[in-house]
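Provided below for reference: sequence and predicted model.
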Amino acid sequence: MDQFIVKPLFGDGPISWYTPTNVTFWMALAILSIVGLLVLGTRGRAIVPNRIQSIAELAYGFIFKMVEDVAGKDGLKYFPYIMTLFMFIVFSNFLGLLPLSFTTTSHIAVTAVMAMAVFITVTVIGFVKNGAGFLSLFWISSAPLVLRPILALIEVISYFVRPVSHSIRLAGNMMAGHAVIKVFAAFAAVVAIAPLSIIAITAIYALEVLVSFIQAYVFAILTCVYLKDALHPHH
C-alpha cells in the first residue's frame, strides 16, 4: 500500500503543512492540466475546433447540461464551481492511473475538504436564498402529521451525513481499484499464473478508467442535487 503514502518531494524529513509532497505535486499537475485544456486549448476559439478545443467544449456542454437539468435554471450561476470540481476530480483520477503517479482523490483528506466545501456552500446558499424557510427541507409536509417529527429527525441526520458519504464514496472507490491492481500485480511475479495476472490487471485497469470518470460525475451530480435542495427546499 506504499502507493498511498504521503512523502515529501525533497528529502526524507518530517512533513509539515508547508512541505511540498507528492500529493501537492500531483494536485498542481492536475490544475495545470485543466488550465492547459480549458484556457490554452481554447484560446483560438476557432469556428471549426481542433481536437483539444472539441474536448474542452464537450466537457463544458456536458456539465452545463447536467447543472441545468438537475439544479434548474437557478443553479446555472453556480456552474463554474461545479465545473471546477468535476474537472479537478476527473483529472486527478486519470493522472492517478499513470505509472509511478499518486492518486490524490484516494485520500480522504482531499475528498473530505471538497465535500465539506460543498456542504457549507449549499447550506449557506439555502439560508441566504430562503431564510428560515430552508428548514422546510427537513419537514415533509406531504407525510401524515404523526410521522413528520420522526421523518424530520431522519432528514436532519441524513443531511449532516452528506459530507461523510460524499467524501468516502470517492476516496473509497479510487483506493479500492488501485489496491486491487496492486494485488494482481504481485501475482505477476509467479510464472505459472503470470499471464492470467496480466489479463486481470488489464481488465481492472480498463474498469478503473471508466470508474475514474463515473466517480467525478457522481460527485458533481450529487453537488447539483444538494444545490437543488438549497434553492428549492420545499417538499
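It's in.

in the lowest-mean-pLDDT helix or strand in the chain, what counts as buried?
In the chain, no helix or strand scores lower on mean pLDDT, DSSP states H and E than helix 148-187, which sits at a mean of 90. For helix 148-187, burial by neighbour count (16 or more other Cβ atoms under 10 Å) applies to 148, 151-152, 155, 159, 162-163, 166-167, 169-171, 173-175, 177-178, 180-181, 184. (C-beta placed from N, C-alpha, C; glycine too.)

same check, this time on stretch 195-210
Buried residues in stretch 195-210, counted by 16+ other Cβ under 10 Å: 197, 200-201, 204, 208.

show me where this protein has helices.
Secondary structure of the chain by DSSP state H: the helices cover 22-35, 51-71, 79-95, 108-130, 148-187, 194-231.

Which secondary structure elements does the last one sit against?
Packing contacts for helix 194-231, counted by 3 or more Cβ pairs under 8 Å, 6 or more residues apart in numbering; DSSP states H and E, involve helix 51-71, helix 79-95, helix 108-130, helix 148-187.

which helices and strands does the last one pack with?
This means helix 148-187. helix 108-130, helix 194-231.

Next, the angle from the last one to helix 51-71.
With axes from the mean of the first three to the mean of the last three Cα atoms, to 10 degrees as the criterion, the two stretches helix 194-231 and helix 51-71 enclose an angle of 50 degrees.

pLDDT of helix 194-231, averaged?
Taken as a whole, helix 194-231 carries a mean pLDDT of 92.

for the shortest one, same thing?
Per-residue pLDDT values across helix 108-130 average out to 94.

wait, what's in contact with the residue located most distally from the centre of the chain?
Computed with Cα atoms, centre = their mean, the residue of the chain farthest from its C-alpha average is Ala192, at 39.2 Å. With contacts taken as Cβ atoms under 8 Å, 6 or more residues apart in numbering, Ala192 has no neighbouring residues.

measure it to Gln53 for me?
50 Å (Cβ to Cβ, to the nearest Å).

So Met116 sits against Val164, correct?
No. In this structure Met116 lies outside contact range of Val164 using Cβ atoms under 8 Å: 9.7 Å.

related to what we said a few turns ago, and the helices of the chain as JSON lines, adding distance to Leu137?
Below are the helices of the chain laid out as JSON lines (distance: least, Cβ to Cβ, whole Å):
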{"stretch": "helix 22-35", "distance to Leu137": "33"}
{"stretch": "helix 51-71", "distance to Leu137": "15"}
{"stretch": "helix 79-95", "distance to Leu137": "20"}
{"stretch": "helix 108-130", "distance to Leu137": "7"}
{"stretch": "helix 148-187", "distance to Leu137": "7"}
{"stretch": "helix 194-231", "distance to Leu137": "6"}
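
which residues touch the closest residue to Ala30 other than its chain neighbours?
Once flanking residues are discounted, Ala30 sits nearest to Phe91: 4.2 Å by Cβ to Cβ, 6 or more residues apart in numbering. Phe91 sits next to 30, 33-34 when contact means Cβ under 8 Å, 6+ apart.

Over to Phe134?
Listed by Cβ under 8 Å, 6+ apart, the contact set of Phe134 reads 126-127, 230, 233.

Which one of the residues you listed sits in the busiest neighbourhood?
Per-residue neighbour counts (other Cβ atoms under 10 Å) across the contacts of Phe134 peak at Ala230, which has 24 neighbours.

which residues sit in contact with Phe79?
Residues near Phe79 by Cβ under 8 Å, 6+ apart: 63-64, 67.

Mind pulling up the pLDDT for Gln3?
Looking at Gln3, the pLDDT reads 68.

Since that was my last question, I'll sign off now.
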